[in-house]
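Engineer: I need the structure of the sequence given here:
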Amino acid sequence: MNRAFSNTRPTRRSFVFRYRPHALGRLDLHALVVVAACVMVSPAAGAERMLMDQVPVPQASDDEKKIVDRIKACTVPGAGVGIWGGGDINSNWSFGTTATARLFQYNFTKGSGSVNAEGLGIGVAARYYPDSWMTTTKLKSPTEVDEKGDKDLRKIKPECRATSFSAKTLSESMTEGKVAFPAITFSATAFFSKPQGRDEINFAPTFIVGLLRDIIQVGFGYNATGPERKSTFLVVGVGTGFNF
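Structural biologist: Model prediction:
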């Protein structure tokens with residue numbers, strides 16, 4: 001080895017430089033190994049990508065597309081407003097109006113009943129939609145419904161909720177089926193009637209529970225005016241609930 005290099009001692013202003021050709025040889029060998037590995041792996045990776053590109057992607061059926069389209073058409077970003085048109089209280093409750101026709105009434109004070117009792121009732125109601133009777137509006141993709149998605153009544157348009165005489169399910173009609181069904185309705189109803197031969201109008205505030213989408217209605221009321229005033233009664237009737 002050159003003594004000019006081997007005998008040089010490091011000082012504050014100098015440094016030792018030692019030439020090692022065997023180290024450079026190892027570096028070249030490592031570089032060749034890495035390059036060879038890349039050349040061998042690249043074709044395999046390219047072939048794998050080609051195979052993945054050829055795998056067919058599952059396509060949604062026509063029925064699934066119709067259901068997704070129906071859910072999209074029934075979805076709104078917010079809640080409805082207005083007491084007559086109905087509105088939403090939270091994710092399961094809404095409020096609106098109902099109408100009731102009395103079929104049977106039993107007067108507790110007099111101890112007597114009557115069939116086809118006169119009077120039509122109009123009320124303000126709160127309606128409950130359980131999660132199990134609603135369809136989620138959340139989508140996994142543009143063509144797939146997220147079955148585990150959250151359910152929120154406020155995201156469903158009122159016209160897409162079942163009523164007394166409009167209650168098709170999505171399985172019955174994928175284009176007109178309802179996506180939310182009520183379980184029970186509570187309403188504060190006022191009955192008005194005018195007995196024959198009398199000028200006085202009978203007014204009876206009544207608390208009513210509606211079942212089967214408000215078709216069957218049962219309640220307790222109080223005759224505030226008329227010939228039977230200050231008497232309590234049980235009423236059974238049929239009704240209808242509007243879209244809310």
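Engineer: confidence-wise, which helix or strand of this protein is lowest on average?
Structural biologist: In the chain, no helix or strand scores lower on mean pLDDT, DSSP states H and E than helix 3-6, which sits at a mean of 42.
Engineer: mark out where each domain of the protein begins and ends.
Structural biologist: Structural domains of the chain, as assigned by automatic domain parsing, span the residue ranges 17-54, 65-241.
Engineer: what residues sit buried inside the top strand by length along the chain?
Structural biologist: When the chain is parsed with DSSP state E, its longest strand is strand 93-107. Using 16 or more other CB atoms under 10 Å as the test for burial, strand 93-107 gives 93-102, 105, 107. To be clear about C-beta, it is placed using only N, CA and C from the backbone, and glycine gets the same treatment.
Engineer: what sits against the most centrally placed residue in the chain?
Structural biologist: Nearest residue to the geometric centre of the chain (CA atoms, centre = their mean): K151, 3.0 Å. Contacts for K151 (CB atoms under 8 Å, 6 or more residues apart in numbering) come out as 91, 131, 134-137.
Engineer: K178 is in contact with S166, correct?
Structural biologist: Yes: with contacts counted by CB atoms under 8 Å, S166 reaches K178, the gap being 7.2 Å.
Engineer: what are the boundaries of the helices in this structure?
Structural biologist: 3-6, 21-54, 62-74 (DSSP state H).
Engineer: separation between T97 and G121?
Structural biologist: Going from T97 to G121 by CB to CB, to the nearest Å gives 11 Å.
Engineer: show me the shaky parts of this structure.
Structural biologist: Applying pLDDT under 70 to the chain flags the ranges 1-60, 77-86.
Engineer: that one: strands as residue ranges?
Structural biologist: For the chain, strands defined by DSSP E occupy the ranges 87-88, 93-107, 112-115, 120-128, 139-141, 144-145, 184-193, 202-211, 216-223, 231-241.
Engineer: so for I67, which of those sits nearest?
Structural biologist: With distances scored as CB to CB, the stretch of the strands of the chain nearest to I67 is strand 144-145 (6.8 Å).
Engineer: that closest one packs against which elements?
Structural biologist: Under the contact definition 3 or more CB pairs under 8 Å, 6 or more residues apart in numbering; DSSP states H and E, strand 144-145 sits against helix 62-74.
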